[in-house]
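Chemist: got a sequence here, can you build the structure:
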Amino acid sequence: MSPSLFSAIRNGLKKTRDALAGKIESIFEGRPALDEETLDELEAVLIQADLGVAASTSIIDSVRSRAARGERLDANGAMDLIEQQLLATLGSEAIPLAQADAPPTVIMVVGVNGTGKTTSIGKIAAMLVSKEKRVVLAAADTFRAAAIDQLEVWGRRTGCAVVRHQEAADPAAVAFDAYQAARARGADYVIVDTAGRLHTKSNLMEELKKIRRVIARECSSAPHEVLLVVDATTGQNGIAQARVFNEAVGITGIVLTKLDGTARGGIVVAITQELGIPVKFVGVGESVDDLRPFDPGEFVHGILRRD
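Modeler: Just a heads-up that it's a prediction; the model follows:
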């Protein structure tokens, strides 16, 4: 990774790093031994960073067992241990997008209102186009005319074809037409935008299931990815969203946006550990290049290390 890209990730994770690494350093400062008060404070810091109860408890148990063996542990030692635990949960390698055996690969993108879903689609499309891939965008968010217009702006910006119908049209029909258009044009990818919806609205979830069924009729292995866009600033509510969407349409990956706007970037760990769904992209800024494939090593270093 180039220094500029690495710096962008570090800068985007600054709030989480300050909340996590900074507080861990202050907890251990001037304390010669680990006692229960120190462990309680450390656990509170981990939970406040939204690492989740399971991950936080596992880390504290590891720290406690070392203390019981008489090992001395300073802030650096604690962060080494936390780093090991987080990488064990997240894995050490980035997980790439799934690929169809024969193009086009179909990526369905879902999420609640206001998470940055359509913008994320545009940025993913730009990323693929930069790799000389041909992309068709499906404007299947027919609930809002503004969403269709927004996707068309991204289409012009990235040079991607956009398949659209009229407002209030059947979203599944848009997805169908986009798939057919992609096949006819020899495109590599179809990215299907869907209406932002509250995860508590069952009728809207049924609409998502229909889109998935229609796509699967055209290609039995499609959609090859179902990406859920989650706003990192929503914290633990993101896990509730992921759980409901996963039950409805089978989420294959998370796009975590607005990581630069929160001190609770640990939600990455909580989602992975509690739901077993990998984070595939993270957003750490406003520009097109600030949505990046998720790299666990970079992320863990970015939230724990000041150097």
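Chemist: helices along the stretch 201-307 of the chain, start to end?
Modeler: 202-218, 237-249, 267-275, 296-304 (DSSP state H, counting those that start in this stretch).
Chemist: what's the most buried one of those?
Modeler: Highest mean neighbour count of the helices of the stretch 201-307 of the chain: helix 267-275, a mean of 23 (counted as mean count of other Cβ atoms under 10 Å). Placement of C-beta: from N, CA and C, glycine included.
Chemist: how far off centre is it?
Modeler: Averaging C-alpha positions (Cα atoms, centre = their mean, to the nearest Å) puts helix 267-275 10 Å from its chain's average.
Chemist: residue 274 and residue 50 touch, don't they?
Modeler: No: applying Cβ atoms under 8 Å, one finds residue 274 not in contact with residue 50, separated by 11.3 Å.
Chemist: give me the domain ranges for the protein.
Modeler: Annotated domains of the chain cover 3-90, 105-295 [automatic domain parsing].
Chemist: gap between the two ends of the longest one?
Modeler: The first and last residues of domain 105-295 sit 22 Å apart, counting by Cα to Cα, to the nearest Å.
Chemist: residue contacts, residue 270?
Modeler: By Cβ atoms under 8 Å, 6 or more residues apart in numbering, residue 270 lies in contact with 50, 51, 52, 54, 55, 236, 239.
Chemist: what about the fourth one, neighbour count?
Modeler: Think residue 54. By other Cβ atoms under 10 Å, 13 other residues sit near residue 54.
Chemist: nearest residue to it other than its sequence neighbours?
Modeler: residue 273 (5.4 Å; Cβ to Cβ, 6 or more residues apart in numbering).
Chemist: if we can go back for a sec, can you list the helices of the stretch 201-307 of the chain in TSV and add distance to residue 45 and mean pLDDT?
Modeler: Converted to TSV, those look like this (distance: least, Cβ to Cβ, whole Å; pLDDT from 0 to 100):
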stretch	distance to residue 45	mean pLDDT
helix 202-218	36	91
helix 237-249	19	89
helix 267-275	14	87
helix 296-304	12	87
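Chemist: would a markdown table of the ones you listed with distance to residue 163 be doable?
Modeler: Shown next, in a markdown table, are the helices of the stretch 201-307 of the chain (distance: least, Cβ to Cβ, whole Å):
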| stretch | distance to residue 163 |
| --- | --- |
| helix 202-218 | 13 |
| helix 237-249 | 20 |
| helix 267-275 | 31 |
| helix 296-304 | 34 |
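Chemist: which of the ones you listed sits closest to residue 81?
Modeler: Of all the helices of the stretch 201-307 of the chain, helix 296-304 sits nearest to residue 81, with 10.5 Å by Cβ to Cβ.
Chemist: can you tell me the closest non-neighbouring residue to residue 207?
Modeler: Excluding the flanking residues, the one nearest residue 207 by Cβ to Cβ, 6+ apart is residue 171, at 6.1 Å.
Chemist: next one: residue 14
Modeler: That would be residue 260: by Cβ to Cβ, 6+ apart, it lies 7.6 Å from residue 14.
Chemist: just to revisit the earlier point, and the residue nearest to residue 54, what is it in contact with?
Modeler: Going by Cβ under 8 Å, 6+ apart, the list of residues near residue 273 reads 52, 54, 55, 89.
Chemist: between those, which is nearest residue 153?
Modeler: Using Cβ to Cβ, those come closest to residue 153 at residue 52, 36.7 Å.
Chemist: and for residue 37, the neighbour number?
Modeler: So residue 37, with other Cβ under 10 Å, has 10 neighbours.
Chemist: specify the beta-bridge partners of residue 279.
Modeler: With DSSP bridges applied, residue 279 shows beta-bridge pairing to residue 254.
Chemist: that one touches residue 292, doesn't it?
Modeler: No: if you go by Cβ under 8 Å, residue 279 and residue 292 don't touch, sitting 11.0 Å apart.
Chemist: before we move on, back to that, list buried residues within the contacts of residue 273.
Modeler: With burial judged by 16 or more other Cβ atoms under 10 Å, the buried subset of the contacts of residue 273 is 52, 55, 89.
Chemist: now tabulate these in a markdown table and tack on secondary structure and pLDDT.
Modeler: Converted to a markdown table, the buried ones among the contacts of residue 273 look like this (DSSP: H, G, I helix; E, B strand; the rest coil; pLDDT from 0 to 100):
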| residue | secondary structure | pLDDT |
| --- | --- | --- |
| 52 | coil | 84 |
| 55 | helix | 86 |
| 89 | helix | 88 |
